[in-house]
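[1] Sequence first, predicted model second:
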Amino acid sequence: TQLLEQSPQFLSIQEGENLTVYCNSSSVFSSLQWYRQEPGEGPVLLVTVVTGGEVKKLKRLTFQFGDARKDSSLHITAAQPGDTGLYLCAGALTGTASKLTFGTGTRLQVTL
Amino acid sequence: DTGVSQNPRHKITKRGQNVTFRCDPISEHNRLYWYRQTLGQGPEFLTYFQNEAQLEKSRLLSDRFSAERPKGSFSTLEIQRTEQGDSAMYLCASSVTPSGARGNEKLFFGSGTQLSVL
């Protein structure tokens, strides 16, 4: 059983479109992180959210942590080809990464 | 900027052979993690070290797997008697011990070692 489910699994959109990726769980997390991973590389941390209801913005990316700290979303505005990659959410059951559980991933492709 | 370095990048081996991977973390990072990632999945935690002490191992880490970090710097992950199911990307990550605030540990991943067991 996967602790963190992401949807959609795959997303192919054109440049300029908006999109939202969801990360859901029945477990409560101390914090939640979002990573982006490109083929042949390791994941790169984008953001960490720790407070229920928290919203963080990183340029065109908006991250939200659910009020109950069980789910999160990533919204990208005006997607660009450089946004292409595998987006992973990862929840920490405690404050340490030794308890970090990764989601199933959303593979995003942005075409011209 | 020297990030986390992993060697080799790719390893092809025959079933039953032993393989060893190396990870060099960011120099001032005292924590080192090993993860495994199969195609279409997110990384799965295997084990982690704080300095030279191995503090936790996942149930995924069978007796054929052993990890060391002898001097608290680089780490090695050895898989003995490899099986086809061991084929995966093995990722190493490093971090510094969080200062106390919830969720402030930042992992820096290497590019991984892609293992193919034939």
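    On my side now, so go ahead.
[2] Please check which residues sit opposite the residue nearest the centre of chain B as beta-bridge partners.
    Among the residues of chain B, the smallest C-alpha distance to the mean C-alpha position (Cα atoms, centre = their mean) belongs to B:Trp34, namely 2.5 Å. Counting by DSSP bridges, B:Trp34 forms beta bridges with B:Thr47, B:Cys92.
[3] Can you check the pLDDT for it?
    Note on B:Trp34: pLDDT of 96.
[4] any idea how far it lies from B:Lys71?
    Counting by Cβ to Cβ, to the nearest Å, the gap between B:Trp34 and B:Lys71 amounts to 17 Å. All C-beta atoms are positioned from the backbone trio N, CA, C, and that covers glycine.
[5] which ones are touching the residue nearest to the centre of chain B?
    B:23, B:46-48, B:67, B:75, B:77, B:90-92 (Cβ atoms under 8 Å, 6 or more residues apart in numbering or on different chains).
[6] Contact residues of chain A facing chain B?
    Residues of chain A lying close to chain B (Cβ under 8 Å from any Cβ of the partner chain) are A:4, A:30-33, A:40-45, A:48-50, A:88, A:90, A:92, A:95-105.
[7] For the helix or strand bottoming out on mean pLDDT in chain A, which helices and strands make contact with it?
    Ranking every helix and strand in chain A by mean pLDDT, DSSP states H and E puts strand A:100-102 at the bottom, with a mean of 88. Applying 3 or more Cβ pairs under 8 Å, 6 or more residues apart in numbering or on different chains; DSSP states H and E, we find strand A:100-102 packed against strand A:85-92, strand B:44-50.
[8] ok, B:Thr13 to chain A distance?
    Between B:Thr13 and chain A the distance is 19 Å, computed by Cβ to the nearest Cβ, to the nearest Å.
[9] For that residue, list the residues it contacts.
    B:Thr13 touches B:19, B:82, B:115-118, counting by Cβ under 8 Å, 6+ apart.
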